[in-house]
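Visitor: Quick one, fold the following:
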Amino acid sequence: MMRKMFRIAFLQCQIVKELPHMNMPLFVNDIKALGCGFECICASRSKLEDLIKYLKKKKFDLIAVDYTFPVVFLNELKDIFSKSKFVIGGNGFLDTFLKSKIDFAVIGAGRQSFLGLVKALKNKSDISMIPNLFFKTKKNNRTFIDYSGKNLNFDLKRELFPYHPFLKWKYIGFTGRDKVVDPPSIIAEFGCAYRSGKLNHYYDNLSKGALSRNDFGAKARKRIMDLFEERMRGGCSFCTCTGTHVFLPIKETIACLMEQIHFLQKTYRFKSFAIVSEYPFRFIEQLIHQMVEENIDIEILAIRSRVDWANKNKRTLLKIVGLAKKNNFMISLQQLGFESFIQNDLDIYNKGYRITENFKAVELIRKLKSIAPGNFQDGGHGFIGISPWITLRDLEKYCESAEHAHFLFDLFNFGNGLVLYDSCLPIYQKLKKDRLLIEHKTDLDCWRFKDKNISRFINDFHNGL
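Guide: Model (predicted):
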């Protein structure tokens, strides 16, 4: 009797139509080698009902989802496809996993763990020793969350190679007018060097209260408390990035990136690339010289970093924009974390620099645009906006900063971009300590303003009063 093929659905949720995040595409070739069937789908967040209609015609043994799906939707999906197993991963996975009916979650390095899970489910074997894996079990009609107890750290080469990402995904819920315009990611490192930056005095004496509403096994409780302690050692207070900063020496980094570039250009004809590194300045000049030397056809090379690091490396930015001008391609500077244009917010977010760095970065971007309008672009940046602790005095400063923000952001208003993906975040626990946290059973938690007058002012502003 022929054995039924084990089938996997890879699902990603997108606000705008873009290429899939690179982790799942790298898993596809692995599971193909195991003889598994698969489908890869990017779904519009505004048309998730279209995804349900499509999936109802299919049968999958395992459905892999990213953390950007709403918790309520994932629970609905699990109810509809109750015979399928669900697994989640990515930097912001934790609270979505804890609040949903999802069966498994992978924390940190995922390639080996995901492959181990597929093998175990396919062969109906033990999953309890798979590294980096959370799983749910039932005891006396209660659901408990457990963990394998095996931690596998990030290894850049092991996660990336063999490098055969599958990028021909199906798009559901988008219109024919929507075009995929973003370049594919090429990965230079994992994590962020700023994770070693210490938390400031706002985060003194925080309790370890992240686990109060869940039933955990001892190994799961320890792993999550380790995650909380890791976050408390430093970094931006809202950042869900897990693990230490993992990178290679410059020569190896360039070789690693060039292998990715060669594959993406040869297989998919890409001419633009986005470098995944918070500090690309240590290798970016050498990489561009290597790309030019090997006659790589370049249209856009996108880089990202922190505001203060961009200012510190102004000379390098000027050099690479000069190289772009000489070789007729575009440098796109993206995802500088401006977050806010008032100092108190930056301190709450533990950015670790003075507000003057934001203003200097605005002027640096203006300068780069003026000297190379055809070879430099401002590619969009991080902006959280007001914090829950903002005062009326700070709000006045915030309004005054609109001139700088309008230069960088399409929309500048009294909105909030602070998403609480993770109860292990320092800012989450500070909100809890200050009694500003609004907890939800079936969605991510959110917050209220400390000053009620701020709430009234912003509500009136949005109502046009």
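Visitor: what number of residues lie near residue 201?
Guide: Residue 201 is flanked by 7 other residues according to other Cβ atoms under 10 Å. Placement of C-beta: from N, CA and C, glycine included.
Visitor: give me every residue that touches it.
Guide: Residue 201 sits next to no residue when contact means Cβ atoms under 8 Å, 6 or more residues apart in numbering.
Visitor: give me phi/psi at it?
Guide: The phi/psi pair for residue 201 (degrees, to the nearest 10) reads phi -70, psi -20.
Visitor: Chain neighbours aside, what residue packs nearest to residue 381?
Guide: Of all residues not flanking residue 381 in the chain, residue 336 sits nearest, at 4.6 Å (Cβ to Cβ, 6 or more residues apart in numbering).
Visitor: Break the protein down into its structural domains.
Guide: Annotated domains of the chain cover 7-172, 185-462 [automatic domain parsing].
Visitor: How far off centre is the shortest one?
Guide: When C-alpha coordinates are averaged (Cα atoms, centre = their mean, to the nearest Å), domain 7-172 and its chain have centres 15 Å apart.
Visitor: do the same with the longest one
Guide: Counting by Cα atoms, centre = their mean, domain 185-462 is centred 10 Å from the centre of its parent chain.
Visitor: re the thing from before, okay, the residue nearest to residue 381: pLDDT?
Guide: Note on residue 336: pLDDT of 93.
Visitor: you'd agree it is up against residue 313?
Guide: No. Residue 336 lies out of contact with residue 313 (Cβ atoms under 8 Å); the separation is 11.8 Å.
Visitor: Give the residues shared as contacts by the two.
Guide: Residues touching both residue 336 and residue 313 comprise residue 305, with contact defined as Cβ under 8 Å, 6+ apart.
Visitor: Of those two, give the one with the bigger neighbour count.
Guide: For residue 336 versus residue 313, the count of surrounding residues by other Cβ under 10 Å is larger for residue 336: 28 against 19.
Visitor: can you pull the contacts of that one?
Guide: By Cβ under 8 Å, 6+ apart, the contact set of residue 336 is 304, 305, 306, 307, 310, 361, 381, 382.
Visitor: and the end-to-end length of stretch 265-278?
Guide: 23 Å (Cα to Cα, to the nearest Å).
Visitor: average pLDDT across it?
Guide: In this model, stretch 265-278 has a mean pLDDT of 96.
Visitor: Which helix in this protein has the most residues?
Guide: Secondary structure of the chain per DSSP state H: the longest helix is helix 250-268.
Visitor: Show me what that helix is in contact with.
Guide: Counting by Cβ under 8 Å, 6+ apart, 156-157, 160-161, 163-165, 167, 184, 186-189, 247-248, 270-271, 273, 275, 282-283, 286-287, 290-291, 294, 296-297 sit against helix 250-268.
Visitor: can you pull the buried residues of that helix?
Guide: 253, 254, 256, 257, 258, 259, 260, 261, 263, 264, 265 (16 or more other Cβ atoms under 10 Å).
Visitor: Residue 28 touches residue 36, doesn't it?
Guide: No. The pair residue 28 / residue 36 is not scored as a contact, 9.4 Å apart, by Cβ under 8 Å.
Visitor: Look at these two and report which has more neighbours.
Guide: Neighbours were counted for residue 28 and for residue 36 using other Cβ under 10 Å; residue 28 has more, 22 against 19.
Visitor: distance of residue 305 from residue 153?
Guide: 24 Å (Cβ to Cβ, to the nearest Å).
Visitor: Need the nearest residue in space to residue 382, chain neighbours excluded.
Guide: In this structure, residue 382 finds its nearest non-sequential neighbour in residue 337, 4.1 Å apart by Cβ to Cβ, 6+ apart.
Visitor: Also residue 170?
Guide: Of all residues not flanking residue 170 in the chain, residue 41 sits nearest, at 5.0 Å (Cβ to Cβ, 6+ apart).
Visitor: Please give me every residue in contact with residue 121.
Guide: Counting by Cβ under 8 Å, 6+ apart, residue 121 touches 6, 61, 62, 85, 127.
Visitor: 7 Å instead?
Guide: For residue 121, the contacting residues are 61, 62, 85, by Cβ atoms under 7 Å, 6 or more residues apart in numbering.
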